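[1] What follows is a protein structure lacking sequence information:
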């Protein structure tokens, strides 16, 4: 990116991957991070719950039920550091609920999950965010009556002026505010929103809000970025630019997890794809493996969607149905039989 | 003509008197909570009640010095804000609204109840607690002073002067806070709590700070009122005052530093001017006695304020100081 000089990328990557991790050094010696994540994931078996060579996020036995409905039931999931992991699945598969659980916006019924080995269970959303796991929302949450620049500045972490007493002494936060403003303007230039910096965020178009939300999330120097349907309702031209930005995050060493419905997008940018259906993870693998996966096809289109019933199967189904009917009739008969019997003696 | 000028002068005095200060401070507090943080406090008068009675009970019943009474009142307001905020601020905005409106009515009924009579003197209330404060006036408080066609007692002038100093200081405080990163977080919470949470801010703490700050300002308003009237009677603290303060805030423009202050002055001016003006018209026979008698005036002036507010919301929804672009964004 022309507006993004190399040193910026280098520092962001340094913050993104702890120095004690050998792969980070390997990348800093000039290896493209995209290749690195892909290379690391290349030889993994395509099975659910497979261990990743360098997992940033590990999920274990997380379940969440709403009444009788099990929205999420994930046995084991690892997310590769420095890679783009796509999370797909039909509507109602539990993708957003899983996001909410991982970021503290919802509490699970059971299970644990950790980030860099640090358990995240029981943490409030803001505590998760402070650890470097930042998310966006399916329904974009631009802060309408704040300007674009104010939206950006809100994303900065560790602001001294955000404490009540220090807010009253501008000297304590003015320098930091100036630095944050410069950083925000850099990001806005990258996202081509710098000319809008004094406009209310509520006046932006839907696509610009998506961009703003992503840029605002980046103000916090996150290590893990979780994007909930970043391309929803965005026109194709802007989709391309958003895709570029998501890939940029990976170049800077961040771990990206995103929910998306557009399979072209998923195939284009993901290093690894996780498929959910009915709350469970039904498949994992590199993007090219997914479209061939029978479980995925079944989940999206329904089992037997393209195979006619064989004669034996038909017979079996019919026999089962007949048995069921017979059982029901028996049961009904019992009830009908027993009632007069029971009534009989009392009548006499 | 002279009558009209007189009506204007009387209304002007009302817009500068302690009642205007009372509403201004209530509205400045509501502005912090509702205007900036988006918290619905429908029981601001409860904080004023605690402020007023904090002084009254401390001085009249417990024999403490006036300034200790001020501290007691402020402390009581902080405690009430914490009590209201602890259970409700994690929930949706509606729950705070329900809790505050119930508390405001409940506290007033408690203070006027028979069982509270030993402390609050029940429905008759307390008096003679502002002597220490009035005694500080640098001029003779018994004399009357004529200012721009109106008469003020020395005590009234002193209360108004100190009251407006408090209003100006609170305005400066709000101005300083709202241009700081702290104010930015507060305004963001009004827009979308979850977005603010996802950016690593502890929303609960900010909401609590806003509730406490607004409550303290409300308590200061109640103190000015109690000292201005020289008595503290539970039934003076009807919750209708909360909504008049909201009217003042909307009139002046929410989320603006000067909005609630100027709104309160205009509200009081209109109320008083409608009162004297209508009486004048009735006395002069311009409005026939059969249509409107002077006893109806007290009620009809509120109708006029209501009509005025409606017109304002239709033609200038942002209030006097508001930004129309900003208000129009609200629909989304």
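    Arrived safely, thanks for sending. Here the structure is a predicted model, which means the values were calculated and not measured. Numbers count the residues shown, from 1 in each chain, chains lettered A, B, ... in the order given.
[2] Which parts of the stretch 101-250 of chain B are helices?
    B:117-120, B:131-134, B:154-178, B:181-191, B:193-198, B:203-229, B:240-252 (DSSP state H, counting those that start in this stretch).
[3] Name the residues of the first one that are buried.
    It refers to helix B:117-120. residue B:120 (16 or more other Cβ atoms under 10 Å in any protein chain shown). All C-beta atoms are positioned from the backbone trio N, CA, C, and that covers glycine.
[4] before we move on, what about stretch B:306-316?
    B:308, B:312.
[5] contacting residues around it?
    Defining contact as Cβ atoms under 8 Å, 6 or more residues apart in numbering or on different chains, one finds that stretch B:306-316 is touched by B:247, B:250-251, B:270, B:319, B:322, B:324.
[6] Who wins on neighbours among those residues?
    Neighbour counts for the contacts of stretch B:306-316 (other Cβ atoms under 10 Å in any protein chain shown) peak at residue B:251, which has 27 neighbours.
[7] residue contacts, that one?
    B:263, B:266-267, B:309, B:312, B:319-320.
[8] For the contacts of stretch B:306-316, which two are the farthest from each other?
    B:270 and B:324 (22.3 Å; Cβ to Cβ).
[9] follow-up on the earlier one: let's have the contacts of stretch B:306-316 in JSON lines, adding pLDDT and distance to residue A:176.
    Putting these into JSON lines (pLDDT from 0 to 100; distance: Cβ to Cβ, whole Å) gives the following:
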{"residue": "B:247", "pLDDT": "92", "distance to residue A:176": "40"}
{"residue": "B:250", "pLDDT": "91", "distance to residue A:176": "35"}
{"residue": "B:251", "pLDDT": "89", "distance to residue A:176": "37"}
{"residue": "B:270", "pLDDT": "89", "distance to residue A:176": "45"}
{"residue": "B:319", "pLDDT": "84", "distance to residue A:176": "33"}
{"residue": "B:322", "pLDDT": "81", "distance to residue A:176": "30"}
{"residue": "B:324", "pLDDT": "79", "distance to residue A:176": "33"}
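[10] okay, residue 266: pLDDT?
    This is for chain A. Per-residue pLDDT puts residue A:266 at 87.
[11] not what I meant, chain B
    Reported pLDDT for residue B:266: 91.
[12] sec struct for it, please.
    helix (DSSP: H, G, I helix; E, B strand; the rest coil).
[13] Apart from its neighbours in sequence, what residue is nearest the residue of the stretch 201-348 of chain A found nearest chain B?
    Closest to chain B within the stretch 201-348 of chain A is residue A:202: 3.6 Å, counting by Cβ to the nearest Cβ. Spatially, and ignoring its direct neighbours in sequence, residue A:202 is nearest to residue A:144 (3.1 Å; Cβ to Cβ, 6 or more residues apart in numbering or on different chains).
[14] Go over the secondary structure and confirm the one you found is in a helix.
    No - using three-state DSSP, the secondary structure at residue A:144 is coil, not a helix.
[15] Can you list phi and psi of it for me?
    phi -50, psi -50 (degrees, to the nearest 10).
[16] Let me know whether it touches residue A:204 as I believe.
    No - counting by Cβ atoms under 8 Å, residue A:144 stays clear of residue A:204, with 9.1 Å between them.
[17] So the nearest residue to residue B:142 once chain neighbours are set aside versus chain A, what's the distance?
    Nearest residue to residue B:142, sequence neighbours excluded (Cβ to Cβ, 6+ apart): residue B:154, at 6.5 Å. Remark: distance between residue B:154 and chain A (Cβ to the nearest Cβ, to the nearest Å) = 35 Å.
[18] which one among the contacts of residue B:251 gets closest to residue B:186?
    Distances from residue B:186 to the contacts of residue B:251, taken by Cβ to Cβ, are shortest for residue B:319, at 19.0 Å.
[19] Excluding residues flanking it in the chain, which one is nearest that closest one?
    Residue B:319 sits nearest to residue B:253 (Cβ to Cβ, 6+ apart), 3.0 Å away.
[20] Repeat that for residue B:11.
    Nearest to residue B:11 is residue B:273, by Cβ to Cβ, 6+ apart, at 3.6 Å.
[21] Burial check on that neighbour, number of neighbours?
    Residue B:273: 20 neighbours (other Cβ under 10 Å).
[22] Residue A:80 against residue A:273, yeah?
    No - Residue A:80 is beyond contact range of residue A:273, at 11.7 Å (criterion: Cβ under 8 Å).
[23] Please say which of these two ends up with more neighbours.
    Taking other Cβ under 10 Å, residue A:80 and residue A:273 do not tie; residue A:273 has more neighbours (26 against 22).
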